[in-house]
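>>> Below are the sequence and a predicted model for it; my questions follow.
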Number of protein chains: 6
Amino acid sequence: MRAVLKIGGSLIQDEKGDIRVERFAEYAKVILKLREENTEITSIVVGGGKTARKYIEAARRLGVAEGLCDEIGIRAAQLNAQIMVGALDREAYPTIPETLQEVAEAAATGKIVVVGGLQPGQSTNAVAALVAERIKADMLINATNVDGVYTKDPKKDPSAEKLDQVTVREIQEIINEKGFFAGKYELFDMVALKILERSKIPTWIINGEDPKNILRIVAGENVGTLIVY
Amino acid sequence: MRAVLKIGGSLIQDEKGDIRVERFAEYAKVILKLREENTEITSIVVGGGKTARKYIEAARRLGVAEGLCDEIGIRAAQLNAQIMVGALDREAYPTIPETLQEVAEAAATGKIVVVGGLQPGQSTNAVAALVAERIKADMLINATNVDGVYTKDPKKDPSAEKLDQVTVREIQEIINEKGFFAGKYELFDMVALKILERSKIPTWIINGEDPKNILRIVAGENVGTLIVY
Amino acid sequence: MRAVLKIGGSLIQDEKGDIRVERFAEYAKVILKLREENTEITSIVVGGGKTARKYIEAARRLGVAEGLCDEIGIRAAQLNAQIMVGALDREAYPTIPETLQEVAEAAATGKIVVVGGLQPGQSTNAVAALVAERIKADMLINATNVDGVYTKDPKKDPSAEKLDQVTVREIQEIINEKGFFAGKYELFDMVALKILERSKIPTWIINGEDPKNILRIVAGENVGTLIVY
Amino acid sequence: MRAVLKIGGSLIQDEKGDIRVERFAEYAKVILKLREENTEITSIVVGGGKTARKYIEAARRLGVAEGLCDEIGIRAAQLNAQIMVGALDREAYPTIPETLQEVAEAAATGKIVVVGGLQPGQSTNAVAALVAERIKADMLINATNVDGVYTKDPKKDPSAEKLDQVTVREIQEIINEKGFFAGKYELFDMVALKILERSKIPTWIINGEDPKNILRIVAGENVGTLIVY
Amino acid sequence: MRAVLKIGGSLIQDEKGDIRVERFAEYAKVILKLREENTEITSIVVGGGKTARKYIEAARRLGVAEGLCDEIGIRAAQLNAQIMVGALDREAYPTIPETLQEVAEAAATGKIVVVGGLQPGQSTNAVAALVAERIKADMLINATNVDGVYTKDPKKDPSAEKLDQVTVREIQEIINEKGFFAGKYELFDMVALKILERSKIPTWIINGEDPKNILRIVAGENVGTLIVY
Amino acid sequence: MRAVLKIGGSLIQDEKGDIRVERFAEYAKVILKLREENTEITSIVVGGGKTARKYIEAARRLGVAEGLCDEIGIRAAQLNAQIMVGALDREAYPTIPETLQEVAEAAATGKIVVVGGLQPGQSTNAVAALVAERIKADMLINATNVDGVYTKDPKKDPSAEKLDQVTVREIQEIINEKGFFAGKYELFDMVALKILERSKIPTWIINGEDPKNILRIVAGENVGTLIVY
């Protein structure tokens, strides 16, 4: 079983931009443990977090074109990816691929391939979906800072219910109608959904503040929301 | 004045997949003429046309993953791009860039950079928008097989009116409400619109069956629809 | 035992340029079967077929330099190669190498490396010979649309005999004297012969319209012509 | 006249790791102004600053090998370099070279080439010296957070005198004897000195907190220390 | 007027493998002089000379595959090419391209592109022809250690006459009949002839022991043999 | 156990620049033997020897910049590296990496990676230290033309004693005080020492004129000097 893991930037960097060293170590431990079992995290996509936002904001103030701002965000995500490579040590592919073809070539060596962003115009969610599709992963685990997909915004409405399963159409309706995911699932992430849907990749949205949730998902526990097709 | 030109695949290849040699020659003539004047076509993005569709269809029948099908379509578009390089001869950058960074590096030489697709998960419309944004083009000319954006589907409803100008929001409404552009502007192209909007790139949608429409646009004639922000 | 397989473009594309999907599937099946046995098809070189000829013809009509026409043919062959990569799925190296060094690097991963053309001025026969030489293959299987090498042109002279074995010198004599292979083995292919000869690579010329002939050759059946040194 | 400019990381990032946006803008203004005059800043080498130190420290805590920590520092410097590219806009080479050969190739286009670190085991001072040597620069301007080279540590000893000119041997003696530059010019920087010496590149050490010092140096004012050979 | 210059390895290295430093300087002087006039040496192809033969011989004794021996010869030629780059200084493209596409990209910068070998299975004569074809050169000057093409071997037969002009067919006849060029124009060079012929590139064979012969050719003097089509 | 082996250029090339073919064969034999046992030579760094010195001297006479002279020396070392690749045959990674990242990527395939120089400004001793650090080798074996580190110059002072173990500080003192290693361990090699020290890589200095000394070291014999930290 081959899985791709997306780790949101906020899970590995705090709001001041400091690196969550312990968190990196926890993720590395979980990933290496899974590798010894029957689920292999073939590739990891890491977000750019606060470093990305800080550099992009500076760039915008200098009047830098949006396309180049995207590249700056990608470089920041690659910096986080390089830390993850270091944490995984010899099990990781030693460099950070910069195109989907390079991801595929790196994966051919059997090492864990860690990726930051790839090209402008794509969120890291879209990158994770593209990587999962390109290397024919059996599953995508999207570690975010929420528990899963809710019917309404749980912070505002106590009647909000976490969904165990959700279709792409349902996600779109939730976004359109209530929009409580608005800050998270805007247009570029529509691309991620579209790619997941066309390739029917089973995708879990889990709370990544506890990396052990990955082990729970793999063990069959229901600790997030599964996107079904 | 720097412009990017997108040429839809159907304009340079017929439905059987044969190359429209004369059409390539006409485009080359127009582009080289503009280069001598004050509007420089800095980069050209070429679609994959029938060759792309034929190869992708074959790949799908073989069970090839969608992500790889995208790469096959990109390669087909690059084949068309190489023909355009040949037609432009010494004024063209001699090879076909495969990432946005390579596009930017090639453009730094001052040659006309011809591009097919870049990475999976992006339509050639999105590629054209990204290229225009990355090289800070002053204008994007999108040569399609229609005259511009209509209020309704002109083939079905004689009351349809061609719009001289249109906002991104209006395009989205037309797509959602009437959907007569459905086959053309589906989700991935939303990405193109999003990019154009964030960088506010003046974009003309013109009928590319007559390449001289490019000269008309540059001369100030209103022969298509301008996307405004 | 490591073998290189050359598949002529006409075997996988028909005269209209349509992809022979079933044929690709048959080849994939034979190659994957051999991989489980003791003969490993380490690398496959695929011709450009009708797509190559169509695009080159269009390029020539546009006055494109011959060297660039070669590159266009190479790109077309790489398009066919990408389809083969898709058909072989996870056993194939995921991208298409573009130099002999990249072929060697890709082969170091143990995956099946699929190659289109490499550089201008070389036929795909020469590419196959160079690849076989570079990765020290024990055998080259050249799948064509004929049964092997004949003493005369079998279509014109009923007394023509298929040769079970042939030396490079004999091939050259047949070409020079009667030239019935003229359309096939012209000058550039002399390079292929020269390379095979200097590295003494046992080479079978077989009829590739039936991909199972590859299994027959490996099983010791005499279904083509063997070039000996 | 061709010059290389080294900008220390602390000049463009504060101690919290925030980007000094105004400082970037000032440098861009000075560099573009010089480009219109007779001194051309051909290449700029930018340090990694606080971002580099923060990521390296996190990596070390995770037990990452020192060689990889160097690469992480290089990536951080490249992030700063990308901001500088954005600030210089069309006059800058659009991407960040990663080897000395790529620096040379980029410089061949006539654009300003911005570089972060290159390879592990080299300080950005050494990188600046290597770049100056490779592109045959006539001058290297090293913008630091001190006024130049002093006979003693000016912060500790009021009798310290700033030297207008200094030889490499004198720098070495100052380092060995009192070592007040100890934190700055340790062993790896010996490599920088060695390279400057072998190629006899006139090198100014100036206070880069005021980017206009670059204009003063070029105008013949003595606002720093010149290394002579 | 754009020309490609091929310099045989024996012209720049003596039989012991020592570098003919003065000869390199003479060539650089002639090339830079022409660049100021109306004939531009756009690209230079340099042979591997004695260094190539010495290393290939050692490799063969170690049982190295012929394909890899070719690569070793190419590396040796690239070493000579790098010396030529140094001699031409800022007018030369700073690195040595390794594929025909890289040659074309380098040539797009307007610098003189110096090339050693490119890929296995090609003589440097073939490389020179391919380069001339790819960059659409108006002329190829092949500097060898003979005065031109003779009707017979001038060392053996005093009635041998130097030909002012020669067709490809005549060269082939001379090779076949008398073979006095045997050591020079064997099979791989047939590829060179074939390429020159298909692209009809005017090609001078001159004695390169006196680099000023290049100036004489350009001035219209008849100091060698011209291949015509 | 993973080891890196540095082979000084003088061990594989004689003073005339001829290749010591037998020596290459002996090294290959020892390395392949070790690979079958529990010590794996993961990477080999080869010096440039007489070829490097000869070409650099020629370049200097032509006024070539020192930085480019370094590149010429690197190319010469890569030529020796390619011969070693040929001698190791299928166990070697087939091409020669040119950056530390490429070394790491090549090593991920499990093949023996042979390296010449990498970037200007680094001795091959520094390269060997950087490679050992990057791939986390357990040991570095530095094969030179001396028996190890002596207290004094053994050729001049009969009381000189070979040290079984030595610290980096002791090496530095020996260099500073007596300087009998002066020609060998000058400044750039300080970088090598610095890198070995920061990563605490056990390093043997052995006499490489007898390649079997590598086997002796691995077997626990004390045939050189061990650098300890």
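Nice, I can see it. Residues are numbered from 1 along each chain as shown, chains lettered A, B, ... in the order given.
>>> what ranges of chain A fall below the confidence cut-off?
Residues of chain A meeting the criterion pLDDT under 70: A:175-188.
>>> let's see 90
Low-confidence segments of chain A, defined by pLDDT under 90: A:1, A:17, A:35-40, A:145-162, A:168-191, A:194, A:222.
>>> Around chain B, pick out the residues from chain A.
Contacts of chain A with chain B, taken as Cβ under 8 Å from any Cβ of the partner chain, map to A:65-68, A:71, A:98-101, A:118-122, A:126, A:129-130, A:133-134, A:136, A:187-188, A:190-191, A:194-195, A:198-199. The C-beta positions use only the backbone N, C-alpha and C, and glycine is treated the same way.
>>> Just the buried ones from these, in PyMOL syntax?
To isolate in PyMOL the members of the residues of chain A next to chain B that are buried, counting by 16 or more other Cβ atoms under 10 Å in any protein chain shown, one can use:
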select buried, chain A and resi 65+66+67+68+71+98+99+100+101+118+119+120+121+122+126+129+130+133+134+136+188+190+191+194+195+198+199
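>>> Report the entries of the residues of chain A next to chain B that also contact chain D.
With Cβ under 8 Å from any Cβ as the criterion, the residues of chain A next to chain B include A:65, A:68, A:71 near chain D.
>>> From chain F, how far out is the residue in chain A that chain E sits nearest to?
Per Cβ to the nearest Cβ, residue A:101 is where chain A lies closest to chain E, at 16.7 Å. As judged by Cβ to the nearest Cβ, to the nearest Å, residue A:101 and chain F stand 14 Å apart.
>>> I figured that residue hits residue B:71, correct?
Yes: if you go by Cβ atoms under 8 Å, residue A:101 and residue B:71 touch, sitting 7.4 Å apart.
>>> what does chain A have sitting close to chain D?
Within chain A, the positions near chain D by Cβ under 8 Å from any Cβ are A:16-19, A:21, A:24-25, A:28, A:51, A:54-55, A:58-59, A:61-65, A:68-69, A:71-72, A:75-76, A:78-79, A:82-83, A:85-87, A:89.
>>> Please flag which of those sit within helices.
A:21, A:24-25, A:28, A:51, A:54-55, A:58-59, A:61, A:68-69, A:71-72, A:75-76, A:78-79, A:82-83, A:85-87 (DSSP state H).
>>> related to what we said a few turns ago, whichever of the residues of chain A next to chain D end up buried, select them in PyMOL.
To isolate in PyMOL the members of the residues of chain A next to chain D that are buried, counting by 16+ other Cβ under 10 Å, one can use:
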select buried, chain A and resi 17+19+21+24+28+51+54+55+58+59+62+64+65+68+69+71+72+75+76+78+79+82+83+85+86+87+89
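>>> isn't there a strand covering residue A:195?
No: Residue A:195 is assigned helix when assessed by DSSP: H, G, I helix; E, B strand; the rest coil, not a strand.
>>> I'd guessed it sits against residue A:126; true?
Yes: applying Cβ under 8 Å, one finds residue A:195 in contact with residue A:126, separated by 6.7 Å.
>>> and for the two, which residues touch both?
Common neighbours of residue A:195 and residue A:126 are listed as residue B:121 (criterion: Cβ atoms under 8 Å, 6 or more residues apart in numbering or on different chains).
>>> Could you tell me how far residue A:32 is located from residue D:61?
Distance, residue A:32 to residue D:61, using Cβ to Cβ, to the nearest Å: 18 Å.
>>> Repeat that for residue A:145.
Residue A:145 is 23 Å from residue D:61, where distance means Cβ to Cβ.
>>> where do the helices sit along chain A?
So, for chain A - with DSSP H - the helices run A:21-36, A:49-61, A:66-88, A:100-107, A:124-134, A:168-177, A:187-199, A:212-218.
>>> Tell me who's in contact with residue A:8.
Contacts for residue A:8 were tallied using Cβ under 8 Å, 6+ apart; they are A:47, A:49, A:124, A:142-145, A:208.
>>> do that again at 7 Å, thanks
Listed by Cβ atoms under 7 Å, 6 or more residues apart in numbering or on different chains, the contact set of residue A:8 reads A:47, A:143-145, A:208.
>>> looking at it, residue A:213 is touching residue A:204, isn't it?
No: checked against Cβ atoms under 7 Å, the pair residue A:213 and residue A:204 is beyond contact range at 8.9 Å.
>>> so what sits against both of the two?
residue A:224.
>>> circling back to that earlier point, residues touching the residue of chain A closest to chain E, list them.
residue C:95.
>>> quick one: it and residue E:65, what's the gap?
Residue A:101 sits at a distance of 28 Å from residue E:65 (criterion: Cβ to Cβ).
>>> In this structure residue A:211 contacts residue A:30, no?
Yes: in this structure, residue A:211 is within contact of residue A:30 by Cβ under 7 Å, at 4.7 Å.
>>> quick one, which of these two is more surrounded?
residue A:211 (22 against 19; other Cβ atoms under 10 Å in any protein chain shown).
>>> what does chain A put close to chain F?
A:90, A:93-95, A:109, A:111 (Cβ under 7 Å from any Cβ of the partner chain).
>>> which residues does the nearest residue to residue A:193 once chain neighbours are set aside contact?
Excluding the flanking residues, the one nearest residue A:193 by Cβ to Cβ, 6 or more residues apart in numbering or on different chains is residue A:168, at 5.1 Å. Residue A:168 is in contact with A:193, A:197, A:227, A:229, counting by Cβ under 7 Å, 6+ apart.
>>> OK, contacts around the residue nearest to residue A:79 when sequence neighbours are not counted?
In space, and not counting its chain neighbours, residue A:79 is closest to residue D:75: 5.0 Å by Cβ to Cβ, 6+ apart. Each residue near residue D:75 by Cβ under 7 Å, 6+ apart is listed here: A:78-79, A:82.
>>> Next one: the residue lying closest to residue A:15 once chain neighbours are set aside from residue A:120, what distance?
Nearest non-adjacent residue to residue A:15, counting by Cβ to Cβ, 6+ apart: residue A:50, 6.1 Å away. Residue A:50 sits at a distance of 20 Å from residue A:120 (criterion: Cβ to Cβ).
>>> centre of the chain versus stretch A:207-225, how much separation?
Mean-position distance between stretch A:207-225 and its chain equals 14 Å (Cα atoms, centre = their mean, to the nearest Å).
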